[in-house]
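1. Got a predicted model here, sequence first, then my questions.
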Amino acid sequence: MKLNIVVPCYNEEAVLLETTKQLSMLMDLLIEKGKIKACDIVYVDDGSQDSTWTLIEQLKAENKYVHGLKLAHNVGHQHALWAGLEWSADRCDAIVSIDADLQDDISVIEQMVDEYKNGCDVVFGVRKERKTDTAFKRWTALGFYSLMQKMGVDIVYNHADFRLTSQRATKELMLYPERNMFVRGMVKLLGYKTSEVYYDRKERFAGESKYPLKKMINFALDGITSFSVQPLRLITSFGFIVMVLSIVAAIYALVSYICGNVVAGWTSMLISLWFIGGVILLSLGVIGEYIGKIYTEVKRRPRYIIEEAI
Ligand code: UDP
Ligand code: MG
């Protein structure tokens, strides 16, 4: 079988040399063991501003495994990943996607290949624990996964984008037309036989995270709103509760009126006015989020543009 490794890279000049070294060593080993026949490492340069692309070109010249796709501009991790998957879909039997910083343990790729040979179309790499992440990242990630589950989104706990997909699974995935992509959730929708391999996540060995807090929050919001209409329902329930409360308030106001205590009211008026205003704005915001999604979907813009392929 032929294996492709898809690696999205955004400003990763600090790690690419080491990554290539480690990946090629692993590929040599797998070929030697007869687990795979051939392999390509596909670096997708996601519009980096540093020398990532020149580095990929150099690596391409000296390493038989390396291939490169240069995207014309920065489209984000998920889209860059998609570019690599789409490019590889016709060129190999299975694809492993992994981050450029090798925080995920590449030695389990062998297990992934074994699982593939056992008939699994999707093999998820799952982190055992998050010792190396900061407490903050651990907490937010945990909160995110449980929130997703509460919202009824089926995702694999502690699985990032380190996974193997077979050729047919990848081709099926490519048929999903949406532009708001949360790839790890979409893979689960395919319904093929899946399995999981476990590993410890390491520290990024060079360079810094390309996922600052703002991007993380956006990513989480995208994940939820691309996969769940639960927030819209919540608004309805919330609206209902507020309505019931307002009936209570109305009764209270009437009783006060009958009893003759009508002087006060300024404070309560002001509070309720602001409160209702807040609820309305919040609800509009949530609805707006979904309308925004519809907006990007109907435009049907290309997910990425390849400037150069080597
Ligand atoms: N990445 C990308 N485009 C972006 C941001 C990130 O292709 O706009 C890539 C990045 O090069 C890396 C992967 O996505 O290979 C994950 O990023 P990172 O390791 O910085 O995230 P973290 O592990 O901190 O969550
Ligand atoms: Mg990382």
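-> Good, I have the coordinates. Ligands and ions are numbered 1, 2, ... in the order given.
2. wait, what's in contact with the residue most central in space within the chain?
-> Of all residues in the chain, the one closest to the mean position by C-alpha atoms, centre = their mean is F182, 4.7 Å from it. Neighbouring residues of F182 by C-beta atoms under 8 Å, 6 or more residues apart in numbering: 78, 222-223, 226-227. All C-beta atoms are positioned from the backbone trio N, CA, C, and that covers glycine.
3. ok, so of those, who is nearest ligand 2?
-> Q78 (14.3 Å; C-beta to the ion).
4. Nearest residue to the closest one in space, ignoring adjacent ones along the chain?
-> Excluding the flanking residues, the one nearest Q78 by C-beta to C-beta, 6 or more residues apart in numbering is M181, at 4.7 Å.
5. One more: R91?
-> Distance criterion C-beta to C-beta, 6+ apart; nearest residue to R91, sequence neighbours excluded, is N4 at 6.5 Å.
6. Now do the buried residues in the helix or strand where that neighbour lies.
-> Secondary structure assigned from DSSP states H and E places N4 in strand 2-9. Of all the residues in strand 2-9, those buried under the rule 16 or more other C-beta atoms under 10 Å are 3-9.
7. Find the pair from those with maximum spatial separation.
-> Across the buried residues of strand 2-9, the longest distance by C-beta to C-beta is 18.8 Å; it joins L3 and C9.
8. Would you tell me which residues of this protein are close to ligand 1?
-> Proximity of the chain to ligand 1, by C-beta under 6 Å from any ligand atom, involves residues 8-10, 12, 46, 74, 76-77, 80, 99-101, 103, 209-211.
9. could you pick out which of these are near ligand 2?
-> Filtering the residues of the chain next to ligand 1 for neighbours of ligand 2 using C-beta under 5 Å from the ion leaves 99, 101, 103.
10. What is the neighbour count of the last one?
-> I take that to be Q103. Neighbourhood size, Q103 [other C-beta atoms under 10 Å]: 20.
11. ditto for the second one
-> Neighbourhood size, D101 [other C-beta under 10 Å]: 23.
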